[in-house]
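Trainee: I'd like to go over a predicted model; first the sequence, then the structure.
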Protein chains: 6
Amino acid sequence: MPEGRTLLVVGAHSADFVWRAGGAAAVAVASGGRAVVLALSYGERGESGELWKEPEQTVENVKKIRHTEAEKAASALGAEFRCLDLGDYPLRVDDAALMRLVEIVRELAPDAIVTHTPEDPFNPDHPVAYRAVQQARLLAAGAGVPSAFPGIRPPELYLFEPHQPELCGFVPDTFLDITEVFERKKEAMEAMRAQKYLQQYYLQRAEQRANHARRVSGEKGIRYAEAFQRVLPQVVRSL
Amino acid sequence: MPEGRTLLVVGAHSADFVWRAGGAAAVAVASGGRAVVLALSYGERGESGELWKEPEQTVENVKKIRHTEAEKAASALGAEFRCLDLGDYPLRVDDAALMRLVEIVRELAPDAIVTHTPEDPFNPDHPVAYRAVQQARLLAAGAGVPSAFPGIRPPELYLFEPHQPELCGFVPDTFLDITEVFERKKEAMEAMRAQKYLQQYYLQRAEQRANHARRVSGEKGIRYAEAFQRVLPQVVRSL
Amino acid sequence: MPEGRTLLVVGAHSADFVWRAGGAAAVAVASGGRAVVLALSYGERGESGELWKEPEQTVENVKKIRHTEAEKAASALGAEFRCLDLGDYPLRVDDAALMRLVEIVRELAPDAIVTHTPEDPFNPDHPVAYRAVQQARLLAAGAGVPSAFPGIRPPELYLFEPHQPELCGFVPDTFLDITEVFERKKEAMEAMRAQKYLQQYYLQRAEQRANHARRVSGEKGIRYAEAFQRVLPQVVRSL
Amino acid sequence: MPEGRTLLVVGAHSADFVWRAGGAAAVAVASGGRAVVLALSYGERGESGELWKEPEQTVENVKKIRHTEAEKAASALGAEFRCLDLGDYPLRVDDAALMRLVEIVRELAPDAIVTHTPEDPFNPDHPVAYRAVQQARLLAAGAGVPSAFPGIRPPELYLFEPHQPELCGFVPDTFLDITEVFERKKEAMEAMRAQKYLQQYYLQRAEQRANHARRVSGEKGIRYAEAFQRVLPQVVRSL
Amino acid sequence: MPEGRTLLVVGAHSADFVWRAGGAAAVAVASGGRAVVLALSYGERGESGELWKEPEQTVENVKKIRHTEAEKAASALGAEFRCLDLGDYPLRVDDAALMRLVEIVRELAPDAIVTHTPEDPFNPDHPVAYRAVQQARLLAAGAGVPSAFPGIRPPELYLFEPHQPELCGFVPDTFLDITEVFERKKEAMEAMRAQKYLQQYYLQRAEQRANHARRVSGEKGIRYAEAFQRVLPQVVRSL
Amino acid sequence: MPEGRTLLVVGAHSADFVWRAGGAAAVAVASGGRAVVLALSYGERGESGELWKEPEQTVENVKKIRHTEAEKAASALGAEFRCLDLGDYPLRVDDAALMRLVEIVRELAPDAIVTHTPEDPFNPDHPVAYRAVQQARLLAAGAGVPSAFPGIRPPELYLFEPHQPELCGFVPDTFLDITEVFERKKEAMEAMRAQKYLQQYYLQRAEQRANHARRVSGEKGIRYAEAFQRVLPQVVRSL
């Protein structure tokens, strides 16, 4: 893979990127590329419960705290953070919001996009995010044939790891070695103070995915890894 | 992908490799690596009908012709040809034959192995070959944990394209650009004179897979491609 | 399973619950629990053809008859009947209707919800009902993490048997013995006079599912059973 | 199959029918039946890039050209062409448009409907078309039980071949011999001048599907074929 | 479908054909064709328990009774009965037995073969029978290319309905109207006195499959039907 | 679930039961039941590499050590340990070995059997074990109809968690709370000194599966869990 690639990570809520693709973002930046994180919402209703325990909490304040946390986490990874603030539980992406997403994909012309799985029986918003990203990618790139609009080069499309992978139909086919950037991912996870209980969980996942990566490749140096699933075929120069 | 990789192509019959992975073999060699073709049988019964039209044909003579053809084809690709001569229609791989296969995998310690799909409702021998290869790979490499025998580094495992892909459950996730070596593949195909009717078919497939590869990647220079399906996850350095 | 559980059965049309989960409702009540039936529509267009054969029939009258029938059937089972009256053929559940559904799930805090399969190539409304129920369950319970709203304990989620199970992707993993309450189900089925032709059909299904239940468990006393498919894992105290 | 059948081909864009079901339309007409082509849009944005290369091109003019081309192609096949002109990239079918589609299905009462696959990771509009057709078919025919509206006899439902079949989950179970009408399909394809690059591609597909049809049936006379996938069971008089 | 077709029904045990494809056999004969039933075993151990309740019963006697019953049932259908007598629970088909099966397929050159599903978690022998039939069909017909042996025209391949269809992965795509021959099937079922408990079960199935067939086709005259699943694509003359 | 149940855990190698079903065995015993562990081999070749690092190690000695370790681990759980000693890498279960397995299943008449997944691309022996167990269960219990041999009551059948669940097609539908017996499982894991590197891995899995179990059920007290997949439907008394 060449250096200098642009990676776009799209999450339904502002913290999703950290646990699921924080390492991928850090790797992109560390290898001379660019990583942009786009949250469709702040997860202010569904995933900010710790903040709502504060008396007199307001939705605006929750969003503000979530924005600050996400920016801090992104910054630890070397990534930019943006949010469409579409609301959550339920997340709705109407055609106007879809077009905003299309514009961002067109503007960034990323080499790869990473997002949620199409199915998630534990979350009402994740599949909505997938469908929006999948549509936006096609609308920005066209169908691979001449079209009325300027099309970007078709970005690769990956799914990141959901919380309960087997129950979301997630079958990893790509293990990314994140050993060298793992301290950054840890720092990013620590920034998400509203969801502290996930730090230990995803630390363990990184070790397990590294175990899987070592077994399948024989590369003994991998200590931490992230798992992804490609949605579309890849083009290679040799087997 | 680094240069100098070793590719092992295993076919149930002596001609399978040409149509399905001839380009992959040529690419491996062209990029400074090594390609070994292993046929489990000569396809002397099921796929040599043209030769049997000769009066007084014998099985020994058919095998000899098939061997010569396969060697010529392999040679056009820069590959070595070997055959276990296990018989076809039906192909049977008993434990002794399996151990011969294990020994070859261990000896070559290939970076990647390419073989048939696990299902093929049009061929009695292709799934038998898959199972043997899958077992041999595991027996040669071990389970990724310390074992009683010296284990090679686990080779990547690919399926090559069957004749009727959708009906074999084949879902390509890897398109290999074979534009630069296509003349060699053509030459190899022409060497398989007992199955001339397949040359046009696989020429067209190479053009179509190139169309698919261009569409998914935007790489307009691809004129010919081969399609493969990975059986196991890959480990990458960046998305 | 403890006694005193609350079961919520959600159907696209007012008669669905009788054929598919009438036994489950009766069992819940018979074991000291509560069963609530929620119809999203009266099925007044798509499934009330017998009533439309009456001259000068009106939609309001059809709904009234369907309401009376459903209440009578529910009553035979010991269950409560409610209807959101959203219209059918096609059934549409907009966000306002979804929120009404969420409120009902939150109010009842059921131990288990039973509804249609996600796919049904023979019915335009059943998959719509599934999606609404699946979303409502998640919005009422949250994602299993602290949230902005009070979350109920996550209800179990089951699919009931569609008319043509294999073609809806229905794979039963749970057989409920309804032998002891079968007379109630029969009475409930007889109350649905607008769809008389289904009574024999579902009587036979109950016998067949009992045959399957006996075979898999060896419990010879099961004469009638209903089949369900769990959508989410169950937590058990022993295997 | 009896003569005199009515075939309805529904495409997301005005050219889809030619490549994917042109032969089926011509066969229906040649055997004394009727073929109607319904385009949901002109594909004026996503699939008319060649036309947009003209300076000062307008959307109205593109649609006009596409209409003329489609009519010419349909005419070569002996089919009628209609277009709902709903717009493309993205195609949206709201309930009003759905009802127009229902009315057309009811008016034609076709023996069979052919349309896109439910999944297509390369096109944002094809799955939208599938869902609309699937819903319209059910709303026009009812659920197979008496209903409030006059129901037509349930049409058979087929998927035509997508551009990259394996990646759309397309598994052909029906090969249609189009040898006798192939000149008409060729003429129709030549009428689609805005998408010339597809003519060679689908000529090759017709030859390959003929190869598959010959292999599975032993019918050596098939030179050109189209592939389809049935969505619903068929009723037969003998095996 | 033309008249005068030859149908081969292969069952693991001598009674399988009656319940699952008795109608198909009768239809083949009634329309001027031929039906041959081949049992791989007598089911003397696994499915003849009623007979073993007789004191001093012997395996030879059980086989004799089963043979008589099967012949009587076949005769009611107008079919021929043969048995390879390979033993059951477990059924084993070694290469010699496979070659006997190949010879029979070659001798009969059937238009269609019907057999068990590849998966059946309730029966150890059914999947063994499927694999043998699938291999035998390929070895008798060849791979669709010239071969060393005389190949028959490739027979169509169907699966008949297993006892618990959803749990065997059975998805019916073909409903055969057996209304006109149903009396013969009933008579055949009554001949299987060792498995009386199945007569009611399969009578009900025939009614339900007829219900399904009516719904999907609108053909109201179907009272009894059998369900099948095609394994390979069919070639048609029109959609 | 009633107390006093008998659980049979069958592993391809002598250590499999500890990591994958150690908790289930301990729970069975703790609730007044019985747990028997049956290893088909000692894993002496494929999974005892640490032991082979000893100079002059012999296969007999490796087996002896593995036996002692497994007994110690089983004892910590309160379970009995048996081994068929069939050899590993590759494991082969011929019909004689299968009959020994059938006898054990018949002797124990377990309420539930737990074993490997049918697919495991990382291990040559696990699928072999699954097939043997699945066959043995059917041969011991019969097909649910009267048979020539005395049949036991059909045991429930579960798959335990493989090392890389998604890649083995493992979809957990049953989470067993093992919090109360976790100290015993830990002790059992510590007894497997030849595979120390797995202790941390399966400790983490137990925590993660507990997280999943808490989320799906709302039962906050679960600290450790094991995941299983049911192969056959369960019969229940209420939903």
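Mentor: On my side now, so go ahead.
Trainee: ends of stretch A:106-113, how far apart?
Mentor: Terminal residues of stretch A:106-113 lie 12 Å apart, using CA to CA, to the nearest Å.
Trainee: repeat that for stretch A:220-239.
Mentor: 22 Å.
Trainee: so does it get close to chain B?
Mentor: Yes: Stretch A:220-239 is in contact with chain B by CB under 8 Å from any CB of the partner chain, via A:222, A:225, A:227-228, A:230, A:232-239. Every C-beta, even on glycine, is put in place using the N, C-alpha and C of the backbone.
Trainee: residues of that stretch that come out buried?
Mentor: By 16 or more other CB atoms under 10 Å in any protein chain shown, the buried positions in stretch A:220-239 come out as A:222-236, A:238-239.
Trainee: ok, which stretches of chain A are strands?
Mentor: Remark: strands assigned in chain A by DSSP state E are A:6-11, A:34-39, A:80-83, A:112-115, A:156-160, A:174-177, A:225-230, A:234-236.
Trainee: packing partners for the lowest-mean-pLDDT helix or strand in chain A?
Mentor: Within chain A, judged by mean pLDDT, DSSP states H and E, the helix or strand with the poorest mean is helix A:49-52; its value is a mean of 86. Counting contacts by 3 or more CB pairs under 8 Å, 6 or more residues apart in numbering or on different chains; DSSP states H and E, helix A:49-52 packs against helix A:59-77.
Trainee: now do the helix it packs on against strand A:6-11: the angle between them, please.
Mentor: Angle between the axes of helix A:59-77 and strand A:6-11 is 150 degrees (criterion: axes from the mean of the first three to the mean of the last three CA atoms, to 10 degrees).
Trainee: circling back: as PDB, could you dump the C-alpha coordinates of the least confident helix or strand of chain A?
Mentor: Written as PDB, here are the backbone C-alpha positions of helix A:49-52 (Å, rounded to 0.1, in the frame of the first residue of the first chain):
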ATOM      1  CA  GLY A  49     -25.800   8.200  29.900                       C
ATOM      2  CA  GLU A  50     -22.900   8.900  32.200                       C
ATOM      3  CA  LEU A  51     -23.200  12.600  31.400                       C
ATOM      4  CA  TRP A  52     -27.000  12.600  31.900                       C
END
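Trainee: now do the buried residues in it.
Mentor: In helix A:49-52, counting by 16+ other CB under 10 Å, buried: A:49-52.
Trainee: cool, stretch A:149-168 as well?
Mentor: For stretch A:149-168, burial by neighbour count (16+ other CB under 10 Å) applies to A:151-152, A:154-168.
Trainee: quick one: mean pLDDT over the longest helix along chain A.
Mentor: Ordering each helix of chain A by length in residues (DSSP state H) puts helix A:197-217 first. Helix A:197-217 shows a mean pLDDT of 94.
Trainee: helices or strands up against that helix?
Mentor: helix A:16-30, strand A:174-177, helix A:182-191, strand A:225-230, strand B:234-236, helix F:197-217.
Trainee: dump those to JSON lines, plus distance to residue C:124.
Mentor: Putting these into JSON lines (distance: least, CB to CB, whole Å) gives the following:
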{"stretch": "helix A:16-30", "distance to residue C:124": "34"}
{"stretch": "strand A:174-177", "distance to residue C:124": "38"}
{"stretch": "helix A:182-191", "distance to residue C:124": "45"}
{"stretch": "strand A:225-230", "distance to residue C:124": "32"}
{"stretch": "strand B:234-236", "distance to residue C:124": "42"}
{"stretch": "helix F:197-217", "distance to residue C:124": "31"}
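Trainee: and chain A, which of its residues are near chain C?
Mentor: So far as CB under 8 Å from any CB goes, chain A lies against chain C at A:44-50, A:52-53, A:59, A:62, A:89-90, A:92, A:121-124, A:167, A:195, A:197.
Trainee: and the residues you listed, which are buried?
Mentor: Among those, those buried by neighbour count (16+ other CB under 10 Å) are A:44-50, A:52, A:62, A:89-90, A:121-124, A:167, A:195.
Trainee: my guess is residue A:134 meets residue D:121, correct?
Mentor: Yes: the pair residue A:134 / residue D:121 is scored as a contact, 7.3 Å apart, by CB atoms under 8 Å.
Trainee: shared neighbours, the two?
Mentor: Residues within reach of residue A:134 and of residue D:121 at once, by CB atoms under 8 Å, 6 or more residues apart in numbering or on different chains, are residue A:231.
Trainee: go back to the buried residues of stretch A:220-239 and keep what's next to chain D.
Mentor: Filtering those for neighbours of chain D using CB under 8 Å from any CB leaves A:231-233.
Trainee: just send those residues back as JSON lines, with distance to chain F too.
Mentor: What follows is those, written out as JSON lines (distance: CB to the nearest CB, whole Å):
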{"residue": "A:231", "distance to chain F": "16"}
{"residue": "A:232", "distance to chain F": "19"}
{"residue": "A:233", "distance to chain F": "19"}
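Trainee: residues contacting the closest residue in space to residue A:129 that isn't next to it in sequence?
Mentor: What sits nearest to residue A:129 in space, not counting adjacent residues and going by CB to CB, 6 or more residues apart in numbering or on different chains, is residue A:12, at 3.9 Å. Residue A:12 makes contacts with A:39-41, A:43, A:88, A:91, A:116, A:123, A:125-126, A:128-129, as judged by CB under 8 Å, 6+ apart.
Trainee: and the closest residue in space to residue A:88 that isn't next to it in sequence, how many neighbours?
Mentor: The spatially closest residue to residue A:88, leaving aside those adjacent along the chain, is residue A:41, at 4.0 Å (CB to CB, 6+ apart). Using other CB atoms under 10 Å in any protein chain shown, the number of residues around residue A:41 comes to 29.
Trainee: and chain A, which of its residues are near chain F?
Mentor: Counting by CB under 8 Å from any CB, chain A comes close to chain F at A:122, A:163-167, A:170-172, A:201, A:204-205, A:207-208, A:211-212, A:215-216.
Trainee: could you redo the last one with a cut-off of 6 Å?
Mentor: A:164-166, A:171, A:204, A:212 (CB under 6 Å from any CB of the partner chain).
Trainee: of all these, which two lie farthest apart?
Mentor: Maximum pairwise distance among the residues of chain A next to chain F (CB to CB): 19.9 Å, between A:171 and A:204.
Trainee: wait, what's in contact with residue A:225?
Mentor: A:175, A:177, A:209-210, A:213 (CB atoms under 6 Å, 6 or more residues apart in numbering or on different chains).
Trainee: switch to 8 Å and redo it
Mentor: A:23, A:175-179, A:206, A:209-210, A:212-213, B:235 are the contacts of residue A:225 under CB under 8 Å, 6+ apart.
Trainee: again, but for residue A:44
Mentor: Residue A:44 neighbours (CB under 8 Å, 6+ apart): A:59, A:62-63, A:66, A:87-88, C:148.
Trainee: assess the claim that residue A:186 and residue A:202 are in contact.
Mentor: No: counting by CB under 8 Å, residue A:186 stays clear of residue A:202, with 9.6 Å between them.
Trainee: below-threshold pLDDT in chain A: ranges please.
Mentor: A:1-3, A:143-146 (pLDDT under 70).
Trainee: what residue in chain A comes nearest to chain E?
Mentor: Nearest residue of chain A to chain E: residue A:169, at 17.8 Å (CB to the nearest CB).
Trainee: for that residue, which non-adjacent residue is spatially closest?
Mentor: residue A:119 (5.0 Å).
Trainee: gap between whatever residue of chain A ends up closest to chain C and chain F?
Mentor: Closest to chain C within chain A is residue A:49: 2.2 Å, counting by CB to the nearest CB. Taking CB to the nearest CB, to the nearest Å as the measure, residue A:49 falls 13 Å from chain F.
Trainee: distance of that residue from residue F:214?
Mentor: Separation of residue A:49 from residue F:214 (CB to CB, to the nearest Å) stands at 15 Å.
Trainee: just put the buried residues of helix A:49-52 in CSV and tack on distance to residue D:83.
Mentor: Written out in CSV, the entries for these read as follows (distance: CB to CB, whole Å):
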residue, distance to residue D:83
A:49, 51
A:50, 54
A:51, 52
A:52, 52
